[in-house]
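Undergrad: Sequence first, predicted coordinates after that:
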Amino acid sequence: MQAWLCENPIGEDALTWQTLPEPQPGPKQVRIRISAASVNYPDLLIVKNEYQMKPELPFVPGSEFAGEIEALGSEVSGLQVGQRVACLNGTGGFATHAVVDAALCMPLPDNFDLKDAAAFIMTYATSYHALIDRGSLQAGETVLVLGAAGGVGTAAIQIAKAHGARVIAAASTDEKCQLCLDAGADAAINYSTHPPAGDWRDQIKVLTDGKGPDVVYDPVGGEWAEPTFRSIAWRGRYLVIGFAGGPIPKIPLNLPLLKGASIVGVFWGAFARGEPKANAAMMQTLAQWYLQGKVKPILDESLPMSALHQAYQRMANRQVQGKLVLTND
């Protein structure tokens with residue numbers, strides 16, 4: 001097999017494409033021939049040693065991928081050789097093959113595109129868990145999605161619309177705002193031209209008739225958090241997804257008191273581990289929504305697996321719209 005190997009987590013430039021021994025699955029594992037792997041923000045952090053998970057060195061980055069099962073461990077049941085699956089393993093995806101625990105495999109229907117499958121689990125599971133489970137989103141409510149043109153952002157737009165909500169998307173360019181509108185958002189704000197220290201809150205007020213959003217979906221953090229929270233509706237829910245925008249913000253606790261609002265942490269990985277039955281039911285719902293055409297990953301473009309450095313650079317420069325996917329021949 002071949003794989004991008006991280007032997008020293010000092011950044012993507014230190015990754016090297018190497019030939020490695022073909023891995024053999026353990027009793028409860030499967031070997032997957034990888035067709036496609038998506039690039040997520042944690043994949044950028046992990047090779048810089050800036051992510052909360054610190055894999056033992058050396059490791060193959062690439063958290064999310066899809067392909068076909070080539071070999072089964074002796075104790076695996078419910079899966080078979082030749083079956084198409086998607087997997088969110090944390091590592092191992094930027095390669096031609098990977099060995100993973102069978103329990104992490106999501107069996108795919110025949111008409112589930114493998115590129116879509118490689119870009120599906122992390123963003124849609126995170127967004128569904130955030131909006132429906134943690135955010136208790138109701139039909140008719142208004143959701144403000146920050147970083148809306150990225151992978152989790154576009155997934156959040158689609159899930160909120162499928163649930164009957166009104167969606168305001170916030171993104172950093174007019175082109176990204178248009179992508180959000182095309183994805184189903186009802187309105188969009190370019191926060192480069194309406195900065196948090198400028199008329200950002202005025203724009204939110206106009207688009208919500210002065211009420212503010214019922215739910216805020218925030219994977220950005222940084223300087224956007226406090227002014228956005230100050231604009232939230234009474235009994236609003238502020239969903240903390242991540243901090244792609246920079247520093248972890250500090251929100252004065254008098255604000256949730258005055259707004260009767262909640263600051264809600266969203267950690268889908270911990271939910272999946274701690275509540276596996278609920279997570280499995282959620283994934284089944286999402287798979288059905290995909291087959292029904294309610295949700296579908298927005299793919300920025302597909303690059304060959306050999307172009308990983310280019311993919312990392314685009315991610316670091318915030319040039320990716322939707323999800324970027326790497327493919328093997």
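TA: Ah, there it is. Note that this is a predicted model, so its numbers are computed, not measured.
Undergrad: helices or strands next to the helix or strand containing Y217 in the packing?
TA: Assigned by DSSP states H and E, Y217 belongs to strand 215-218. In terms of contacts (3 or more C-beta pairs under 8 Å, 6 or more residues apart in numbering; DSSP states H and E), strand 215-218 is packed against strand 142-145, helix 151-162, helix 225-230, strand 237-240. All C-beta spots, glycine's among them, are computed from the backbone N, C-alpha and C.
Undergrad: Just checking: what are the partner strands of the last one?
TA: Paired neighbours of strand 237-240 in the sheet (DSSP bridges): strand 215-218 (parallel), strand 262-265 (parallel).
Undergrad: where along the chain do the helices fall?
TA: 41-46, 114-118, 121-128, 151-162, 174-182, 200-207, 225-230, 254-259, 268-274, 276-291, 308-316 (DSSP state H).
Undergrad: Would you mind saying which of those lies nearest D214?
TA: helix 151-162 (10.6 Å; C-beta to C-beta).
Undergrad: C-alpha coordinates for the closest one, PDB please?
TA: Written as PDB, here are the backbone C-alpha positions of helix 151-162 (Å, rounded to 0.1, in the frame of the first residue of the first chain):
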ATOM      1  CA  GLY A 151     -18.200  21.600   5.100                       C
ATOM      2  CA  VAL A 152     -20.100  21.800   8.400                       C
ATOM      3  CA  GLY A 153     -21.700  25.100   7.400                       C
ATOM      4  CA  THR A 154     -23.200  23.800   4.100                       C
ATOM      5  CA  ALA A 155     -24.300  20.600   6.000                       C
ATOM      6  CA  ALA A 156     -26.000  22.800   8.600                       C
ATOM      7  CA  ILE A 157     -27.800  24.800   6.000                       C
ATOM      8  CA  GLN A 158     -29.200  21.700   4.400                       C
ATOM      9  CA  ILE A 159     -30.200  20.000   7.700                       C
ATOM     10  CA  ALA A 160     -31.900  23.200   9.100                       C
ATOM     11  CA  LYS A 161     -33.900  23.600   5.800                       C
ATOM     12  CA  ALA A 162     -34.800  19.900   5.800                       C
END
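Undergrad: packing partners for that helix?
TA: Checked by 3+ C-beta pairs under 8 Å, 6+ apart, helix 151-162 has helix 121-128, strand 142-145, strand 166-171, helix 174-182, strand 215-218 packed alongside it.
Undergrad: how about a cut-off of 6 Å?
TA: Under the contact criterion of 3 or more C-beta pairs under 6 Å, 6 or more residues apart in numbering; DSSP states H and E, helix 151-162 touches helix 121-128, strand 142-145, strand 166-171.
Undergrad: most packed of the ones you listed?
TA: strand 142-145 (a mean of 29; mean count of other C-beta atoms under 10 Å).
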